[in-house]
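Novice: got a sequence here, can you build the structure:
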Amino acid sequence: MLRKMYDWVFEQARKPYATKALAAVSFAESSFFPIPPDVMLAPMVLSKPEKAYYFAFVCTVASVLGGLLGYAIGFFLEPFGMWLLATLGKSDAFETSKALFQQHGAWIILIKGLTPIPYKLITISAGIFAFNLPLFILLSVITRAGRFFLVAFVLKTWGPAMLEVIEKRLALWTVIGLAVLAAGFVALKLL
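Specialist: Numbers count the residues shown, from 1 in each chain. Below you'll find the predicted structure:
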């Protein structure tokens, strides 16, 4: 079953609509969707390494635009933004987050935007706390481009060798990936 899922994702990365789907996932992940775009970006870069930086660019633009939607949700629809944060388990630390955002908002956006922590937490919070919008956009461009272009570079540079290793030990890498994902959720709860 695992092999079929792997092959299916790789096949979707080769479809004519894959870039549009990548843009949609990148946009949605920055404001409300739980799945990160890396899930599509990685197989797309591995299947078409010559388009790695184009895919990273698409992710960046769509993610920043989605971040603006997240910001708008927090700014204009604060109750809905708070509900989304509560759904993600983050509304309980509201006052602490507010103080941190007021003191270190730029650093929070830069650091957390590069991590696997869902970016929607940052975008919605930035809107709720009325963070400086032009600075938010600039920092979002820097952090999202940094993340997606780094993924594209690593996969383009070492992808074929990594792909061979992954395909040879698919079950092991799946277990490792799930463990990293679980650790990310634990870290998210602790932050």
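Novice: which residues sit in contact with the closest residue to residue 132 other than its chain neighbours?
Specialist: Take residue 132 and drop its neighbours on the chain: the residue closest to it by C-beta to C-beta, 6 or more residues apart in numbering is residue 105, 7.9 Å away. Where you see a C-beta, it was placed from the backbone N, CA and C, and this is true even at glycine. Contacts of residue 105 were listed using C-beta atoms under 8 Å, 6 or more residues apart in numbering, and they are 126, 129, 131-132.
Novice: continuing past the host helix or strand of residue 105, what's the next helix or strand?
Specialist: Taking DSSP states H and E as the definition, one finds residue 105 inside helix 94-114. Next in sequence after helix 94-114, counting helices and strands by DSSP H and E, comes helix 119-128.
Novice: buried set for that following helix?
Specialist: Taking 16 or more other C-beta atoms under 10 Å as the basis for neighbour counts, the residues of helix 119-128 that come out buried are 119-128.
Novice: rewinding a little: most neighbours of all the contacts of residue 105, which one?
Specialist: Among those, the one with the most neighbours (other C-beta atoms under 10 Å) is residue 126, at 25 neighbours.
Novice: find the nearest non-adjacent residue to residue 153, please.
Specialist: Closest residue to residue 153 apart from its sequence neighbours, by C-beta to C-beta, 6+ apart: residue 52 at 7.3 Å.
Novice: next secondary structure after the helix or strand encompassing the one you found?
Specialist: With the criterion set as DSSP H and E, the secondary-structure element containing residue 52 is helix 52-76. Moving toward the C-terminus from helix 52-76, the first helix or strand encountered (DSSP H and E) is helix 78-87.
Novice: tilt between that next one and helix 94-114?
Specialist: Using axes from the mean of the first three to the mean of the last three C-alpha atoms, to 10 degrees, one finds that helix 78-87 and helix 94-114 are set 70 degrees apart in direction.
Novice: so what does helix 78-87 touch, helix or strand wise?
Specialist: The criterion is 3 or more C-beta pairs under 8 Å, 6 or more residues apart in numbering; DSSP states H and E, and the helices and strands that helix 78-87 contacts are helix 52-76, helix 119-128.
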